[in-house]
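# Give me a 3D structure for the following:
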Amino acid sequence: MSAGGSSSGVLAISFDGDGTLWDFEAAMRAALERSAATLNDAGLGREGAPVTAAWLAAVRDEVAATERFRGASMEAIRLAAFGEAVRRIEPGRDELAELVYGRYMEDRFADLRPYPDVGDALAALGARFRLALITNGNTHPTKVGLDGSFEEVVIAFECGVHKPDPAIYALALERLGIPAAACLHVGDDPLEDVDAARRAGLGTVWLNRTAAAWSDGLVRADHELTDLAALLDLV
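Just a heads-up that it's a prediction; the model follows:
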């Protein structure tokens, strides 16, 4: 990868993963739909109602909010959530929870693809800048066909710091060996990406693919784009 940079002094660009480079939500929903179907096919139901992806997602959020799973990996939270769901509808079927979890993880990654604009944009940017990935998620670039795209990959669970803590951005800068002013961060979340990166001293780009409204009370990003192709013109 080139470290040529730009006339603005930017030497590196960091990216969020989920919702920025790949559609995590769509892959997760599809995998949860299959998980719900597996439980329903096994004859499990909840108070006369079928198991749904929305219910499984709600149970997962409940588990993630408990003190026990504060700072836990997404894999540990998801497995525990399936276990809790199964216990609520048919206690004593822990093996079924593990089966559903295994299939969910396979489905989730099998359905995950970069957005159409990502491959070409990263290739072009990588010829001019050092690239990094900074994510709270559990998707490594190798899982979505982006092997070799990033010089540094900073995954929250592995380093012990999660967005919106600016320290995760400071860690990425330390690994890259550059000052904050020489890095531009691109992400879809106003708090975790834009505000946190701004507080760490990075330039910020809000990648607003869904035409969402900005979050009140937060300082707006330096730039707002709707796709990564536009980033090539910006830098």
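# tell me what the worst-scoring helix or strand of the chain on mean pLDDT is packed against?
Lowest by mean pLDDT, DSSP states H and E among the helices and strands of the chain is helix 156-159, with a mean of 90. Applying 3 or more CB pairs under 8 Å, 6 or more residues apart in numbering; DSSP states H and E, one finds that helix 156-159 contacts helix 167-176. The C-beta positions use only the backbone N, C-alpha and C, and glycine is treated the same way.
# Just the angle for the helix or strand following the helix it packs on relative to helix 167-176, thanks.
Using DSSP states H and E, the next helix or strand after helix 167-176 towards the C-terminus is strand 183-187. If you take axes from the mean of the first three to the mean of the last three CA atoms, to 10 degrees, strand 183-187 sits at 130 degrees to helix 167-176.
# Name the surrounding residues that touch strand 183-187.
Residues from elsewhere that reach strand 183-187, judged by CB atoms under 8 Å, 6 or more residues apart in numbering: 10-16, 19-20, 132, 134, 169, 172-173, 176, 193-194, 197, 202-207, 225, 228, 231, 235.
# Could I get the CA-only coordinates of the host helix or strand of residue 104 as PDB?
Secondary structure from DSSP H and E places residue 104 in helix 94-110. This file holds the C-alpha atoms of helix 94-110, laid out as PDB (Å, rounded to 0.1, in the frame of the first residue of the first chain):
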ATOM      1  CA  ASP A  94     -28.900 -26.600  25.700                       C
ATOM      2  CA  GLU A  95     -27.700 -28.800  22.900                       C
ATOM      3  CA  LEU A  96     -30.300 -27.200  20.600                       C
ATOM      4  CA  ALA A  97     -29.100 -23.700  21.500                       C
ATOM      5  CA  GLU A  98     -25.500 -24.700  20.500                       C
ATOM      6  CA  LEU A  99     -26.800 -26.200  17.200                       C
ATOM      7  CA  VAL A 100     -28.800 -23.100  16.400                       C
ATOM      8  CA  TYR A 101     -25.800 -20.900  17.300                       C
ATOM      9  CA  GLY A 102     -23.500 -22.800  15.000                       C
ATOM     10  CA  ARG A 103     -25.900 -22.600  12.100                       C
ATOM     11  CA  TYR A 104     -26.500 -18.900  12.800                       C
ATOM     12  CA  MET A 105     -22.800 -18.100  12.600                       C
ATOM     13  CA  GLU A 106     -22.400 -20.000   9.400                       C
ATOM     14  CA  ASP A 107     -25.400 -18.300   7.800                       C
ATOM     15  CA  ARG A 108     -24.400 -14.800   9.100                       C
ATOM     16  CA  PHE A 109     -21.000 -14.900   7.400                       C
ATOM     17  CA  ALA A 110     -22.300 -16.700   4.300                       C
END
